[in-house]
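Engineer: sequence unknown, structure follows:
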């Protein structure tokens, strides 16, 4: 079997499905990429059993006469193509020995592939049509980014490793939390009409998915259903197995009335907290925030020294002092582009609720640090 | 470098009594005795300057103090209050220098860049007076000895510097008892040799003093010249807290080990809360029959001070790494210590509140009645000598 390919096209497809390769799997053939030629369609597929990604290349029509075939490509081929000397390469697959020869210019590589017959069934389908929806890629990417950083990476409480998708009428609510903070985004589209349902999507899969998603206006089709959720851009298909854990009801945790409401310039706040973070230390990365007399004063005292910075803020309500993790605050400030930010406060041990002014239906709740000295 | 820095000795005047007089204006200008009850054979911890005029001093039995000044007002001491005020004073110190050696609840040495000692001392004294309304005396010099003596001479509520060049004029005329290490016995020995003042002492050779007083003599020889090489020793920040136990006989039973780990975790948690700290890392230490020792750690996503969380993680580590019995020693350590606790969405639910209340009550009981007053039922199976 011989193929003449564009190195960059082939490499890009591999790079997409690579996101679904397991970090280390005891099932050795899962560490490979499944490559299949059928007609002029060259499809790429990888899975870690938690998520799967599929993409395809359409070859020039003169490949039509070729027989269909499948092979498992070793991960190494991705690196080989990254450093390949020429723009086009010539690939030869040996269906008996599963050897792959990549040649071009002065270079020739011979790599060991594997038998595709042991590979798990690649079932690209999804039921649950009633929750199927479409949304612009750039939009979905933005919303996912605004909640994903809040999901936990600690695996002792698996429910918090997921993003909760809640469907109701014309609204989808995304919720993520690591128990110390909580991000909620409501997306409303007139054309939607969902029955009430929810599913918990592993944040790890979505983080990989974000790397693939484009910033364009193209629509993406999302189908949640059964025990998985799939995303289809037309070029890339990704599906992730849903988490079966129960995400706790957080609606009661979000306070309705605030004690003080702060309006503050987002850029000034981001710069100040970034500087405070230079001296913040330990697990808590604490900064003291004092809201008083239309100013916000950030202070850090640590073993390395201390800092203080004052910036203007419009304060409606009581003056207040509290401690908060600088990283938690910066996580939000880094992903929002809004120019101003409002913060609701609920006492020195109650949550801070951040609301970027331009983002309707979004809130980011952070619990403070209780100081014990 | 070290020799060049300025050293301050800050001493809160009649600390306990000053705090009481500050908080209760009716006590101002009156002889106040802080300490135990006279009927309980209590002694005076601190007395106000007004009381000192009657010849009362600290450590004097209350009964005797009252016979000297029957009008004195006795206040029962409130250590929690003094500790918290002492921390407020410490916070003022730490705004001026990171180099602090606390000596006692009312006394601390501070190290400052050379040339800034006197001006900083004046600022600190004014700040303590303005912010906390407490009298503070500060001795300023180049070493601990002279700073201490300057402080004694400064009292009450003043700042005084004695520099090395002032030794002959300021230190030499003083009686030998001003030097640290010269108690009544040493003073008696020196006086018998006709050594009454520091100047007299400075005239004696080092060898002669060594024959007279031994090692102390050599130190005093230096002190008499205003020389003191002791440096400021910053209090070490606590890095970890651990408890471990070597068993009376090697242990083979898994469940028995878990009971021991639970008790060790409770001990660590109790000390952690006592220090008002929380910890992110939990380490299990195990020693096997053949003295092979392992430690295995786990770092949590947020810090904790809960016995249960410490134990659950120690147990997880044990189940993972226990290998084959018999075990000879077990230890639980917490590190990555933090001064605050990151609150979570669940910190306020009734279960968490109840557990918190339970821990606090348990801590109070332990503080009052000792470590054995409260323990888990599973501990009944554990031999006392294994703990």
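Structural biologist: That came through fine. The shown structure was predicted, so the numbers you read here are calculated from the model rather than taken from an experiment.
Engineer: quick one: low-confidence ranges for the stretch 201-350 of chain B?
Structural biologist: Regions of the stretch 201-350 of chain B meeting the criterion pLDDT under 70 cover residues B:235-236.
Engineer: residues in it within reach of chain A, list them.
Structural biologist: B:237, B:276-278, B:280, B:300-303, B:336-347 (CB under 8 Å from any CB of the partner chain). To be clear about C-beta, it is placed using only N, CA and C from the backbone, and glycine gets the same treatment.
Engineer: Buried among these? Need that as a selection in PyMOL.
Structural biologist: For selection in PyMOL, the members of those meeting the burial criterion (16 or more other CB atoms under 10 Å in any protein chain shown) are listed in this command:
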select buried, chain B and resi 277+278+280+300+301+302+303+336+337+338+339+340+341+342+343+344+345+347
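Engineer: Figure out the helix or strand that residue B:90 lives in.
Structural biologist: helix B:79-94 (DSSP states H and E).
Engineer: Run the chain-centre distance for whichever helix or strand comes after that helix.
Structural biologist: Scanning forward in sequence from helix B:79-94, with DSSP H and E defining helices and strands, the next element found is strand B:100-104. When distances are taken as CA atoms, centre = their mean, to the nearest Å, strand B:100-104 is centred 8 Å away from the chain's centroid.
Engineer: Where in chain A is the helix or strand with the lowest mean pLDDT?
Structural biologist: strand A:2-6 (a mean of 84; mean pLDDT, DSSP states H and E).
Engineer: what comes into contact with that one?
Structural biologist: The set of residues that contact strand A:2-6 without belonging to it, under CB atoms under 8 Å, 6 or more residues apart in numbering or on different chains, is A:37, A:42, A:57, A:59, A:63, A:87, A:88, A:89, A:90, A:91, A:92, A:93.
Engineer: Please identify the buried residues of it?
Structural biologist: With burial defined by 16+ other CB under 10 Å, the residues of strand A:2-6 counted as buried are A:3, A:5.
Engineer: try stretch B:80-94
Structural biologist: With burial defined by 16+ other CB under 10 Å, the residues of stretch B:80-94 counted as buried are B:82, B:85, B:86, B:89, B:92, B:93.
Engineer: Based on its surroundings, how many neighbours for residue B:349?
Structural biologist: Neighbourhood size, residue B:349 [other CB atoms under 10 Å in any protein chain shown]: 13.
Engineer: actually residue B:258, sorry about that
Structural biologist: Burial of residue B:258 is recorded as 18 neighbouring residues (other CB under 10 Å).
Engineer: Am I right that it is in contact with residue B:315?
Structural biologist: Yes: Residue B:258 lies in contact with residue B:315 (CB atoms under 8 Å); the separation is 6.0 Å.
Engineer: just to revisit the earlier point, out of the contacts of strand A:2-6, who's nearest residue B:71?
Structural biologist: Within those, proximity to residue B:71 (CB to CB) peaks at residue A:57, which comes in at 101.3 Å.
Engineer: what residues does the stretch 151-300 of chain A put near chain B?
Structural biologist: Near chain B, when you scan the stretch 151-300 of chain A using CB under 8 Å from any CB, you find A:152, A:154, A:156, A:177-180, A:182, A:248, A:250, A:253, A:282-284, A:286.
Engineer: pLDDT check: weakest of the residues you listed?
Structural biologist: In this model, the minimum pLDDT among these belongs to residue A:156 (79).
Engineer: Could you pull up phi and psi at residue B:156?
Structural biologist: phi -100, psi 150 (degrees, to the nearest 10).
Engineer: Report the central residue of chain A.
Structural biologist: residue A:207 (2.3 Å; CA atoms, centre = their mean).
Engineer: which secondary structure element contains it?
Structural biologist: Counting by DSSP H and E, residue A:207 is part of helix A:203-212.
Engineer: who touches that helix?
Structural biologist: A:16, A:19-20, A:50-51, A:53, A:141, A:144-145, A:148, A:151-153, A:161-163, A:176, A:231, A:236, A:238, A:240.
Engineer: Report the buried members of those residues.
Structural biologist: Judged by neighbour count, with 16+ other CB under 10 Å as the criterion, the buried members of the contacts of helix A:203-212 are A:16, A:19-20, A:51, A:53, A:141, A:144-145, A:148, A:151-152, A:161-163, A:176, A:231, A:236, A:238, A:240.
Engineer: picking up where we left off before, which pLDDT does the model give the residue nearest to the centre of chain A?
Structural biologist: According to the prediction, residue A:207 has pLDDT 93.
Engineer: Likewise for the one 5 residues further on?
Structural biologist: Each residue has a pLDDT score; the one for residue A:212 is 88.
Engineer: mind giving me the domain ranges of chain A?
Structural biologist: Per the record's domain assignment (automatic domain parsing), chain A is made up of the domains A:2-112, A:129-251, A:255-366.
Engineer: The ones you listed: which one's closest to residue B:36?
Structural biologist: With CB to CB as the measure, domain A:255-366 is the member of the domains of chain A nearest residue B:36 (37.7 Å).
Engineer: filter the buried residues of stretch B:80-94 by proximity to chain A?
Structural biologist: The subset of these within reach of chain A, counting by CB under 8 Å from any CB, is empty.
Engineer: dump the residue contacts of residue 167.
Structural biologist: Went with chain A since none was named. Applying CB under 8 Å, 6+ apart, we find residue A:167 in contact with A:131, A:194, A:195, A:196, A:197, A:198, A:224.
Engineer: wait, I meant chain B there
Structural biologist: When contacts are counted by CB under 8 Å, 6+ apart, residue B:167 touches B:146, B:225, B:226.
Engineer: next one: residue B:280
Structural biologist: Taking CB under 8 Å, 6+ apart, we find residue B:280 in contact with A:282, A:283, B:299, B:300, B:302, B:303, B:304, B:335, B:336, B:337, B:338.
Engineer: ok, the first one - how many residues close by?
Structural biologist: Think residue A:282. Neighbour count of residue A:282, defined by other CB under 10 Å: 16.
Engineer: do residue A:288 as well
Structural biologist: Residue A:288: 19 surrounding residues under other CB under 10 Å.
Engineer: Need phi/psi at the residue lying closest to residue B:81 once chain neighbours are set aside.
Structural biologist: Computed as CB to CB, 6 or more residues apart in numbering or on different chains, the closest residue to residue B:81 that is not its neighbour in sequence is residue B:19, at 6.6 Å. Residue B:19 adopts backbone torsions of phi -60, psi -40, taken as degrees, to the nearest 10.
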